[in-house]
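[1] Show me the folded form of this:
(one chain, ligands or ions: 1)
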Amino acid sequence: MSAVGWGKLILLGEHAVVYGYPALAAALDRGVTIDAVPTTKGGLRLVIPEWNVSVKADDDSSVARCLSAVADALFSGRHSSAIPGGRPQLSLVGDAQIPHGAGLGSSAALAVAIARALLQAANQPADVATLAHAASASETIIHGKPSGVDVALAITGGLGVFRRSTGLIPLKRADGSVPSLRVLVGPSGQPRSTGTMVQKVAEATGERPADKRLSELGGLCDTGTVALLANDLPALGATMNRAHAVLSDLGVSTPVLDGLCAKAIELGAHGAKLTGAGGGGAVIAIAPRDKEQAILAAWKTLAVTGFVAVVGAR
Ligand code: MEV
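    Model (predicted):
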């Protein structure tokens, strides 16, 4: 069976989550899958045709560093579950169903899929703690200071509220039902670096969790979560619009992301915002069903091929 890491959408709370505030986030129904093929030569390799990736673990590229970080965390790290024997001889063959570097959690999805594939090939249990330890080693290299939200969703999927202090808590109503949400996703095609954006917010806030923009983002996440539980999409949309403005103020939006959000609102969306680190990457919007196609068509004229993701209960 292929090893999977799910992609994700952050509905509310990105950046503030690095400073301990909550993030409302959901896994996509797609991500990265990997099959491990034993090989007698070539060491540990990774091939992902959709991303034009073909690397050896000791190459000098960001994907190769991700591969070696995950493998070393599992096979030569000091973690209690480290498997003795060093890096295995394997060809990892990946299939990516999300774009790379688009704010949809591709690096965490990749790291989790690699970790699962390596554990499967070694006949070891892929428990959440071991997967999180291995994938976080890679995310730390790529992002510097990851909150862990992307890795948590890549491992378990679902919809929930993530805090550094609690991890991911699945979102459920009092009657046990799980909310469901249709989200328009618009990958802008603008490349960006999560690490650079996290650093930008660190400079803008002096890394003070008490910064009022960070605390406002945390409050908006709480308000939006209550609105989602009540299925109050206009109220959820209002929190998204305000979150986008605060994220812009922190310097992580771009004219392209602002334009995509403005177009969605003009065409009747309840709310729209950047998702993930910003600086490029993707926007999300929620809209009445009968407005969705017009928004996707308008994004298309702006050279963005969007899609509808159903998150939560499907
Ligand atoms: C990236 O998907 C989300 C950020 O909040 C960084 C993080 O939480 O690690 C920008």
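
[2] which residue does this protein bring closest to the ligand?
    Relative to the ligand, the nearest point of the chain is S147 (3.3 Å; CB to the nearest ligand atom). Quick note: C-beta positions are derived from backbone N, CA and C, even for glycine.

[3] Could you give the number of residues near that residue?
    By other CB atoms under 10 Å, 23 other residues sit near S147.

[4] so it sits in a strand?
    No - according to DSSP: H, G, I helix; E, B strand; the rest coil, S147 belongs to no strand; its state is coil.

[5] Distance-wise, check it relative to F162.
    Going from S147 to F162 by CB to CB, to the nearest Å gives 7 Å.

[6] before we move on, what about A238?
    22 Å.

[7] Those two: who's more crowded?
    Neighbour count, other CB under 10 Å: between A238 and F162, F162 has more, with 26 against 17.

[8] Let me see the contact set for that one.
    13, 17, 22-23, 25, 147-149, 152-153, 168-169 (CB atoms under 8 Å, 6 or more residues apart in numbering).

[9] tell me the mean pLDDT for the host helix or strand of it?
    F162 is part of strand 159-163, with elements assigned from DSSP states H and E. For strand 159-163, mean pLDDT rounds to 98.

[10] Name the strands paired with it and say parallel or antiparallel.
    Note on strand 159-163: by DSSP bridges, its sheet partners are strand 23-38 (antiparallel), strand 167-170 (antiparallel).

[11] got a list of contacts for the shortest one?
    Think strand 167-170. Looking at what lies outside strand 167-170 - CB under 8 Å, 6+ apart - the contacts are 25, 148-149, 152-153, 156, 158-163, 178.

[12] farthest-separated two in the residues you listed?
    G148 and V178 (21.8 Å; CB to CB).

[13] Correct me if wrong: A137 contacts A73.
    Yes - using CB atoms under 8 Å, A137 and A73 qualify as a contacting pair, with a distance of 4.0 Å.

[14] Show the backbone phi and psi for the residue in the chain sticking out farthest from the centre.
    In the chain, T40 marks the outermost C-alpha relative to the chain mean, sitting 34.6 Å out by CA atoms, centre = their mean. Main-chain dihedrals, T40, degrees, to the nearest 10: phi -100, psi -10.

[15] if you skip the residues just before and after it, what's nearest to it?
    Q89 (6.8 Å; CB to CB, 6 or more residues apart in numbering).

[16] name the element G86 belongs to?
    Using DSSP H and E, no helix or strand contains G86.

[17] these two touch, right, it and S68?
    No - in this structure G86 lies outside contact range of S68 using CB under 8 Å: 11.4 Å.

[18] who's in contact with A57?
    A57 touches 43-46, 64, 67-68, 71, 87, counting by CB under 8 Å, 6+ apart.

[19] let's see it at 7 Å
    Taking CB atoms under 7 Å, 6 or more residues apart in numbering, we find A57 in contact with 43-44, 64, 67-68, 71, 87.

[20] same question, S107
    Contacts of S107 (CB under 7 Å, 6+ apart): 66, 139, 142.

[21] Which helix or which strand is home to it?
    Under the criterion of DSSP H and E, S107 resides in helix 106-121.

[22] Tell me if that helix is near the ligand.
    No - against the ligand, helix 106-121 shows no contacts by CB under 6 Å from any ligand atom, the least distance being 7.8 Å.

[23] Report the angle between that helix and strand 23-38.
    Orientation of helix 106-121 against strand 23-38 (axes from the mean of the first three to the mean of the last three CA atoms, to 10 degrees) gives an angle of 40 degrees.
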